[in-house]
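Trainee: what follows is a predicted structure for the sequence shown.
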Amino acid sequence: MGNRRLSILALAALAVLAVLGCSSAGPNAEPSAAPSAADAILAPYGLAGLDGVALVDRLDRLPVAQRPADLRVSVRPGQLLLSDQRTGAEATLALPADQFYLSVAPYLERTHECFFHSLTTCRGELGGRPVAVSITNRASGEVLVDTTVMTFDNGFAGFWLPAGVEADIRVAYEGRTVTAQIGTGSDDPTCLTSLRL
(Lines give C-alpha, C1' and ligand atoms only; values in the text may rest on other atoms or scores of the structure.)
Protein backbone atom coordinates (compact mmCIF):
# COMPACT_ATOMS: atom_id res chain seq x y z
CA MET A 1 0.00 0.00 0.00
CA GLY A 2 2.90 2.32 0.74
CA ASN A 3 4.37 1.71 -2.73
CA ARG A 4 1.02 2.36 -4.36
CA ARG A 5 0.69 5.65 -2.47
CA LEU A 6 4.19 6.70 -3.57
CA SER A 7 3.31 5.85 -7.18
CA ILE A 8 0.15 7.98 -7.04
CA LEU A 9 2.10 10.91 -5.55
CA ALA A 10 4.79 10.57 -8.23
CA LEU A 11 2.17 10.55 -11.00
CA ALA A 12 0.50 13.63 -9.48
CA ALA A 13 3.83 15.45 -9.33
CA LEU A 14 4.55 14.57 -12.97
CA ALA A 15 1.12 15.86 -14.00
CA VAL A 16 1.75 19.18 -12.23
CA LEU A 17 5.14 19.50 -13.94
CA ALA A 18 3.59 18.73 -17.31
CA VAL A 19 0.96 21.45 -16.85
CA LEU A 20 3.58 23.98 -15.72
CA GLY A 21 5.77 23.05 -18.67
CA CYS A 22 2.95 23.82 -21.13
CA SER A 23 2.17 27.19 -19.59
CA SER A 24 5.69 28.61 -19.62
CA ALA A 25 8.00 29.22 -22.53
CA GLY A 26 10.91 26.85 -22.70
CA PRO A 27 14.37 27.88 -23.90
CA ASN A 28 13.53 27.05 -27.53
CA ALA A 29 10.03 28.56 -27.54
CA GLU A 30 9.19 31.36 -29.98
CA PRO A 31 8.95 34.76 -28.29
CA SER A 32 5.52 36.29 -28.14
CA ALA A 33 4.86 38.82 -30.91
CA ALA A 34 5.21 42.18 -29.22
CA PRO A 35 4.85 45.33 -31.31
CA SER A 36 8.18 46.75 -32.42
CA ALA A 37 9.26 50.26 -31.46
CA ALA A 38 8.69 51.28 -35.09
CA ASP A 39 5.15 49.86 -35.10
CA ALA A 40 4.39 51.65 -31.83
CA ILE A 41 5.29 54.96 -33.51
CA LEU A 42 3.51 54.15 -36.78
CA ALA A 43 0.30 52.67 -35.32
CA PRO A 44 -1.47 55.99 -34.54
CA TYR A 45 -1.03 56.95 -38.20
CA GLY A 46 -2.37 53.67 -39.59
CA LEU A 47 1.07 52.62 -40.84
CA ALA A 48 2.02 49.80 -38.45
CA GLY A 49 3.22 46.56 -40.01
CA LEU A 50 4.82 48.16 -43.07
CA ASP A 51 8.45 47.36 -43.83
CA GLY A 52 10.83 50.15 -44.82
CA VAL A 53 10.25 49.93 -48.57
CA ALA A 54 6.47 49.82 -48.20
CA LEU A 55 6.52 52.79 -45.81
CA VAL A 56 8.57 54.86 -48.28
CA ASP A 57 6.15 53.97 -51.06
CA ARG A 58 3.04 54.74 -48.97
CA LEU A 59 4.27 58.14 -47.74
CA ASP A 60 5.64 59.18 -51.14
CA ARG A 61 2.24 58.65 -52.74
CA LEU A 62 0.23 60.54 -50.11
CA PRO A 63 -0.94 64.03 -51.01
CA VAL A 64 0.91 66.62 -48.92
CA ALA A 65 -2.27 67.54 -47.04
CA GLN A 66 -2.66 63.92 -45.88
CA ARG A 67 0.92 63.40 -44.66
CA PRO A 68 1.05 63.10 -40.85
CA ALA A 69 2.27 66.41 -39.43
CA ASP A 70 3.63 64.89 -36.19
CA LEU A 71 5.44 61.96 -37.80
CA ARG A 72 8.98 62.43 -39.09
CA VAL A 73 10.42 59.76 -41.38
CA SER A 74 13.99 60.56 -42.40
CA VAL A 75 15.60 58.47 -45.14
CA ARG A 76 19.14 57.42 -44.26
CA PRO A 77 21.42 55.00 -46.11
CA GLY A 78 20.20 51.57 -45.00
CA GLN A 79 17.42 52.70 -42.68
CA LEU A 80 14.56 55.04 -41.92
CA LEU A 81 14.72 57.13 -38.75
CA LEU A 82 11.23 57.50 -37.29
CA SER A 83 10.18 60.02 -34.68
CA ASP A 84 6.84 61.06 -33.24
CA GLN A 85 6.83 64.77 -32.42
CA ARG A 86 3.97 64.31 -29.92
CA THR A 87 5.70 61.74 -27.74
CA GLY A 88 9.38 62.16 -28.55
CA ALA A 89 9.62 58.44 -29.34
CA GLU A 90 12.23 57.38 -31.90
CA ALA A 91 12.93 54.13 -33.74
CA THR A 92 14.55 52.83 -36.89
CA LEU A 93 13.22 50.68 -39.69
CA ALA A 94 15.61 48.80 -41.97
CA LEU A 95 15.92 49.38 -45.69
CA PRO A 96 17.52 46.83 -48.04
CA ALA A 97 21.30 46.85 -47.52
CA ASP A 98 21.98 46.55 -51.26
CA GLN A 99 19.75 49.48 -52.23
CA PHE A 100 19.82 53.24 -51.76
CA TYR A 101 16.77 55.51 -51.91
CA LEU A 102 17.42 58.88 -53.52
CA SER A 103 14.77 61.61 -53.53
CA VAL A 104 15.21 64.27 -56.20
CA ALA A 105 13.47 67.67 -56.35
CA PRO A 106 14.47 69.67 -59.44
CA TYR A 107 13.42 73.31 -59.30
CA LEU A 108 13.07 76.52 -61.27
CA GLU A 109 13.06 79.25 -58.60
CA ARG A 110 12.73 77.89 -55.05
CA THR A 111 14.51 75.10 -53.18
CA HIS A 112 15.81 74.22 -49.72
CA GLU A 113 19.01 72.69 -48.37
CA CYS A 114 18.63 69.02 -47.63
CA PHE A 115 20.89 66.06 -46.86
CA PHE A 116 18.59 63.35 -45.48
CA HIS A 117 15.18 63.38 -47.14
CA SER A 118 12.14 63.69 -44.89
CA LEU A 119 9.19 61.84 -46.38
CA THR A 120 6.71 63.89 -44.37
CA THR A 121 8.12 67.43 -44.36
CA CYS A 122 10.36 68.07 -47.40
CA ARG A 123 8.72 70.15 -50.12
CA GLY A 124 9.90 70.76 -53.66
CA GLU A 125 8.69 73.36 -56.12
CA LEU A 126 7.49 71.14 -58.96
CA GLY A 127 4.76 68.91 -57.54
CA GLY A 128 2.82 66.74 -59.96
CA ARG A 129 5.01 67.54 -63.00
CA PRO A 130 6.47 65.15 -65.60
CA VAL A 131 10.27 65.05 -65.50
CA ALA A 132 12.61 62.91 -67.59
CA VAL A 133 15.33 61.31 -65.48
CA SER A 134 18.34 59.25 -66.45
CA ILE A 135 20.91 57.90 -64.00
CA THR A 136 24.06 56.17 -65.23
CA ASN A 137 26.68 54.27 -63.27
CA ARG A 138 29.87 56.28 -63.85
CA ALA A 139 32.24 53.30 -63.58
CA SER A 140 30.41 50.76 -65.74
CA GLY A 141 28.27 52.95 -67.99
CA GLU A 142 25.19 50.93 -66.99
CA VAL A 143 21.97 52.89 -67.26
CA LEU A 144 20.24 52.53 -63.90
CA VAL A 145 17.24 54.75 -64.63
CA ASP A 146 15.88 56.09 -67.91
CA THR A 147 12.27 57.16 -67.57
CA THR A 148 9.80 59.99 -67.39
CA VAL A 149 8.10 60.17 -64.02
CA MET A 150 5.44 62.36 -62.46
CA THR A 151 6.83 64.03 -59.37
CA PHE A 152 4.93 63.33 -56.17
CA ASP A 153 2.67 65.97 -54.65
CA ASN A 154 5.62 67.16 -52.53
CA GLY A 155 7.70 67.93 -55.64
CA PHE A 156 10.07 64.97 -55.32
CA ALA A 157 10.69 61.88 -57.40
CA GLY A 158 12.21 58.85 -55.68
CA PHE A 159 14.54 56.22 -57.09
CA TRP A 160 15.82 52.90 -55.69
CA LEU A 161 19.44 52.59 -56.81
CA PRO A 162 22.18 50.03 -56.14
CA ALA A 163 24.12 50.89 -52.99
CA GLY A 164 27.79 51.84 -53.25
CA VAL A 165 27.98 53.36 -56.73
CA GLU A 166 28.95 56.71 -58.20
CA ALA A 167 26.60 57.91 -60.91
CA ASP A 168 25.59 60.78 -63.16
CA ILE A 169 22.01 62.07 -63.08
CA ARG A 170 20.29 64.06 -65.81
CA VAL A 171 16.88 65.68 -65.32
CA ALA A 172 14.89 67.37 -68.09
CA TYR A 173 11.69 69.41 -67.80
CA GLU A 174 9.98 71.62 -70.40
CA GLY A 175 13.10 71.99 -72.53
CA ARG A 176 15.44 72.64 -69.59
CA THR A 177 18.10 70.15 -68.52
CA VAL A 178 20.38 69.81 -65.51
CA THR A 179 23.06 67.25 -64.70
CA ALA A 180 24.95 66.36 -61.53
CA GLN A 181 27.11 63.67 -59.97
CA ILE A 182 25.65 61.53 -57.19
CA GLY A 183 26.77 58.72 -54.91
CA THR A 184 24.91 55.96 -53.12
CA GLY A 185 27.34 55.17 -50.33
CA SER A 186 26.86 55.17 -46.57
CA ASP A 187 27.95 58.83 -46.30
CA ASP A 188 25.98 60.16 -49.27
CA PRO A 189 22.85 62.32 -49.11
CA THR A 190 19.44 60.80 -49.76
CA CYS A 191 17.98 64.18 -50.74
CA LEU A 192 18.95 66.06 -53.89
CA THR A 193 17.54 69.59 -54.05
CA SER A 194 20.32 71.42 -55.91
CA LEU A 195 19.16 70.62 -59.47
CA ARG A 196 18.16 73.99 -60.89
CA LEU A 197 16.59 73.67 -64.31
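Mentor: Arrived safely, thanks for sending.

Trainee: chain neighbours aside, what residue packs nearest to residue 36?
Mentor: residue 91 (7.2 Å; CB to CB, 6 or more residues apart in numbering). Where C-beta positions appear, they are placed from N, C-alpha and C, glycine not excepted.

Trainee: residues contacting the one you found?
Mentor: 36-38, 40-41, 82-83 (CB atoms under 8 Å, 6 or more residues apart in numbering).

Trainee: okay, and which of these map to helices?
Mentor: Here DSSP state H is the test, and those give 37-38, 40-41 as lying in helices.

Trainee: about what we covered before: show me the two of the contacts of residue 91 that sit farthest apart.
Mentor: Farthest-apart pair in the contacts of residue 91 is 36 and 83; separation 14.8 Å (CB to CB).

Trainee: in this protein, which spans are strands?
Mentor: Taking DSSP state E as the test, the strands found in the chain are 71-76, 79-84, 90-94, 99-104, 130-137, 143-150, 157-162, 166-173, 176-183, 191-192.

Trainee: any idea which of these is most buried?
Mentor: strand 99-104 (a mean of 24; mean count of other CB atoms under 10 Å).

Trainee: what pairs with that strand, and is each one parallel or antiparallel?
Mentor: strand 157-162 (antiparallel), strand 191-192 (parallel) (DSSP bridges).

Trainee: now tabulate the ones you listed in a markdown table and tack on mean pLDDT.
Mentor: Below are the strands paired with strand 99-104 laid out as a markdown table (pLDDT from 0 to 100):
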| stretch | mean pLDDT |
| --- | --- |
| strand 157-162 | 98 |
| strand 191-192 | 97 |
